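**Q** Build the 3D model from these lines:
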Amino acid sequence: MIDARRGVLYPARMPEFHRIAPPSAAVDLVQWFWIPQWDIDPGRTSRQHVVSYPALNLVVEPRGIELVGASTVATYRDLIGRGWAVGAMLKPAAVAALTDEPSALRDASRAFDAPDLHRDVVRAMRDGGERGRGRAVAVFSEWLIARVGALSPAARDANRAAELLMTDAEVIRDEDAATRLSVSVRTMQRLTRRYVGLSPAAMIRRRRLQEAVQRVRDHPDTDLATLAADLGYADHAHLTNDFRTVLGFTPSSYRADSGTASTL
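**A** Next comes the predicted model:
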């Protein structure tokens, strides 16, 4: 089971935020729906830092829809005024129906044309509260199910591969994942590139970094050398380099900063 708390660098800075499980008919297509809603005081900005999952997201906002590719870097968004978004963190099986080349969206996004989906989600969110969010998830799911149709065996294999790469701490190399799934390394690499746009190694690196971030934040007394060994890093320096390369700071500085105030 993927930990839904992972990926947010500074949870205390988040506005109202909901992660909602998909209905049973859409469980092969969506990991979860995420819905932030914000009302920021005039003249203020809420900066949200995220270490995203190695997955594509389809995001509906009042202004339109974006298909957001898998990310290999830390990202942030500045929230101002009042607004909302309804995002679906897609499982690989849904991706082929939305783009032919997910690798072209790596660390990028593009507008997505689906006027019926946009209309129905906007209408649902006008209801407000839990009812509106529930209706938005329902109509979003119905649209995805109709768009994707029947899943191919390869799409189901891609789902299994992504689940393993994103959740199993004992998988630290491409070969580990391929062995678990009884496929060749080449097949594993082809699946993730076709349905996620990343290599298996990149997905493993992201999972390890997310786990490291969460453990440093939630357990401030964690010994960093021990943490590095637990997560399969070569040593403490390797962990620190991963933090610095992707996030721009060290584990120690993140630990000191992770309890700071909610807005920047």
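
**Q** CA atoms for contacts and neighbours, from now on please.
**A** Will do.

**Q** Report the buried residues of stretch 143-161.
**A** 144, 145, 155, 156, 157, 158, 159, 161 (16 or more other Cα atoms under 10 Å).

**Q** Not counting its neighbours along the chain, what's nearest residue 75?
**A** residue 50 (5.4 Å; Cα to Cα, 6 or more residues apart in numbering).

**Q** picking up where we left off before, the buried residues of stretch 143-161 in helices, which ones?
**A** Residues of the buried residues of stretch 143-161 located in helices (DSSP state H): 144, 145, 155, 156, 157, 158, 159, 161.

**Q** Tell me the predicted confidence for residue 247.
**A** Looking at residue 247, its pLDDT stands at 85.

**Q** what about it, how many neighbours?
**A** 20 (other Cα atoms under 10 Å).

**Q** I'd like to know which helix or strand in this structure has the lowest mean pLDDT.
**A** Least confident element among the helices and strands of the chain, by mean pLDDT, DSSP states H and E: strand 46-50 (a mean of 82).

**Q** helices or strands up against that strand?
**A** If you count contacts as 3 or more Cα pairs under 8 Å, 6 or more residues apart in numbering; DSSP states H and E, strand 46-50 packs onto strand 75-79.

**Q** Let me know the average pLDDT across stretch 227-242.
**A** On average, stretch 227-242 scores 89.

**Q** How about it, which residues are buried there?
**A** 227, 228, 231, 232, 233, 235, 236, 239, 240, 242.

**Q** Need the distance between the two termini of it.
**A** One end of stretch 227-242 to the other measures 13 Å (Cα to Cα, to the nearest Å).

**Q** give me every residue that touches the residue nearest the centre of the chain.
**A** Nearest to the geometric centre of the chain sits residue 53, at 3.1 Å (Cα atoms, centre = their mean). Going by Cα atoms under 8 Å, 6 or more residues apart in numbering, residue 53 touches 7, 70, 71, 206, 207.

**Q** Now intersect those with the helices, please.
**A** Per DSSP H, the subset of the contacts of residue 53 in helices is 206, 207.

**Q** Then residue 136 would be within a helix, right?
**A** Yes. Counting by DSSP: H, G, I helix; E, B strand; the rest coil, one finds residue 136 located in a helix.
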